[in-house]
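Visitor: Give me coordinates for this.
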Amino acid sequence: MDSELITKLVHSLEAKHTDASVRLIETHISWVLITDQYAYKIKKPIKYSFLDYSTLDLRKFYCERELELNKRLTHDMYLGVAPVSEKGDEVFVDESAGTVIDYAVKMEKQDLSRQMNVLLEKNEVSHSDMITIAATVSLFHSNAQICRPQFSAEYFKEKFNDILSVGDYLVDNLGASAGRILERAVDFANCFVDKNERIFQNRIEHGFVRDLHGDLHSKNIFLYDEPVIFDCIDFNDSFRRIDVLDEIAFFCMDLDAYYKGDLVAIFLNNYLDMFPAISNQNEENLFTYYKCYRANVRTKVNGLRAQQASDDHEKNKWLSEAERYLRLMNGYVGEGRYESISQDFN
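Guide: Numbering: from 1, shown residues only. This is a model prediction of the structure:
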């Protein structure tokens, strides 16, 4: 698929759903088309170091993988994998006409006004919502498959240090203070990993690394009576097979970015009551490290978006987001510890 074929598919769906326009949402790895009843997610034919959607067979495989994985938390939202076909000058989805040229994950349309990030902006997320999310996530984590990856300090450091790939750009656009924050954060993270390998290894040994969601933040949650947590990572198992602290750190960092410390406290207290993933100061420090890493990733992603922006308005929007997460990361570094943590977990 390409942009031209997506445009044809939008026209085809609009002709079929004459009572409502089709909304197109484009990300760096997919297109999502939303009709009056369904949403269709089509993977872009791309290949990165961490993702390979380059062939039709691979896109079909990962559509099926996405369907399977997301049913763990969404129940009836994910409906199936639908063919995308071309006949003459027209493109169709979920129809038998023509030649199959791609595949789409078919989903039940959700109420976009109930997306958690939208409700956070309107200050409409309640403490009871957080208790329900904590119950859902803790139960999911409790039942998730335990994984036993081999720990690599170099892998963790490389992931964190990759933010330096946008370092010069952030300094040029946000000022010298951005460079000082990045230098301090990288120093903190490298020091923490080097001095505390035993913590990471013990977490693996004690079953805290599991096959999880991998992308747990407010944009991937619909808040109904029971929350629907969707769009988990399908394209790279290692991004999903992580420490439970890494997963909830992403969610809590996201709430911190909205200045919702009260919601963080409610979530954490209830989650840890049901799934005691933090039992000492060492693990609290690890949790801070993971929050710092997740803020690092959001800084980098928004920096890349700013670099790729088509106009100054879009560029400044993404730079503002990058600066927000940069300052958040700096705050976590201030909370972190540089000294070695030597408590024996055995």
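Visitor: Show me where the stretch 1-150 of the chain dips below the pLDDT cut-off.
Guide: Scanning the stretch 1-150 of the chain for pLDDT under 70 picks out 18-19.
Visitor: Quick one: neighbours of residue 137, just the number.
Guide: When counting by other Cβ atoms under 10 Å, one arrives at 26 neighbours for residue 137. C-beta coordinates here come from the backbone N, C-alpha and C atoms, glycine included.
Visitor: Quick check: chain neighbours aside, which residue is closest to it?
Guide: residue 271 (6.2 Å; Cβ to Cβ, 6 or more residues apart in numbering).
Visitor: Tell me the buried residues in the helix or strand hosting the one you found?
Guide: Assigning secondary structure by DSSP states H and E places residue 271 in helix 261-274. For helix 261-274, a neighbour-count test (16 or more other Cβ atoms under 10 Å) marks 263, 264, 266, 267, 268, 270, 271 as buried.
Visitor: How about stretch 221-240?
Guide: The neighbour-count check on stretch 221-240 (16+ other Cβ under 10 Å) flags 221-223, 227-235, 240 as buried.
Visitor: again with stretch 208-225
Guide: For stretch 208-225, by 16+ other Cβ under 10 Å, it's 208-218, 220-223.
Visitor: which residues in this protein form strands?
Guide: Secondary structure of the chain (DSSP state E): strands at 23-26, 30-34, 38-43, 47-48, 51-52, 78-87, 90-93, 99-108, 209-211, 221-222, 228-229, 241-243.
Visitor: between the buried residues of helix 261-274, which is closest to residue 185?
Guide: Nearest to residue 185 among the buried residues of helix 261-274, counting by Cβ to Cβ, is residue 264 at 20.5 Å.
Visitor: quick one, what contacts the closest one?
Guide: 252, 255, 256 (Cβ atoms under 8 Å, 6 or more residues apart in numbering).
Visitor: The last one: neighbouring residues, count only.
Guide: The local packing of residue 256 (other Cβ under 10 Å) involves 19 other residues.
Visitor: Also the first one?
Guide: When neighbours are defined as other Cβ under 10 Å, residue 252 has 25 of them.
Visitor: cool, and the second one?
Guide: Per other Cβ under 10 Å, the neighbour tally for residue 255 reads 23.
Visitor: what separates the one residue sitting closest to the centre of the chain from residue 73, distance-wise?
Guide: The residue lying closest to the centre of the chain (Cα atoms, centre = their mean) is residue 215, at 2.7 Å. With distances taken as Cβ to Cβ, to the nearest Å, residue 215 is found 12 Å from residue 73.
Visitor: Now do the shared contacts for these two.
Guide: Joint contacts of residue 215 and residue 73 (Cβ under 8 Å, 6+ apart) are residue 232.
Visitor: Kindly list the main-chain dihedrals of residue 225?
Guide: phi -60, psi -40 (degrees, to the nearest 10).
Visitor: Test for you: state the pLDDT assigned to it.
Guide: pLDDT recorded at residue 225 is 93.
Visitor: List the residues that contact it.
Guide: Counting by Cβ under 8 Å, 6+ apart, residue 225 has no contacts.
Visitor: Repeat that for residue 2.
Guide: Taking Cβ under 8 Å, 6+ apart, one finds residue 45 in contact with residue 2.
Visitor: Isn't residue 5 up against residue 91?
Guide: Yes. Under the criterion of Cβ atoms under 8 Å, residue 5 makes contact with residue 91 at 5.4 Å.
Visitor: can you list residues touching both of the two?
Guide: residue 101.
Visitor: Looking at those two, which has the bigger crowd around it?
Guide: Comparing residue 5 with residue 91 by other Cβ under 10 Å, the one with more neighbours is residue 91, at 24 against 16.
Visitor: From the recorded domain assignment, give the ranges for this protein.
Guide: The record's domain parsing of the chain by automatic domain parsing lists 3-109, 116-335.
Visitor: Regarding the shortest one, how distant is the last residue from the first?
Guide: Chord length of domain 3-109, first to last residue, is 22 Å (Cα to Cα, to the nearest Å).
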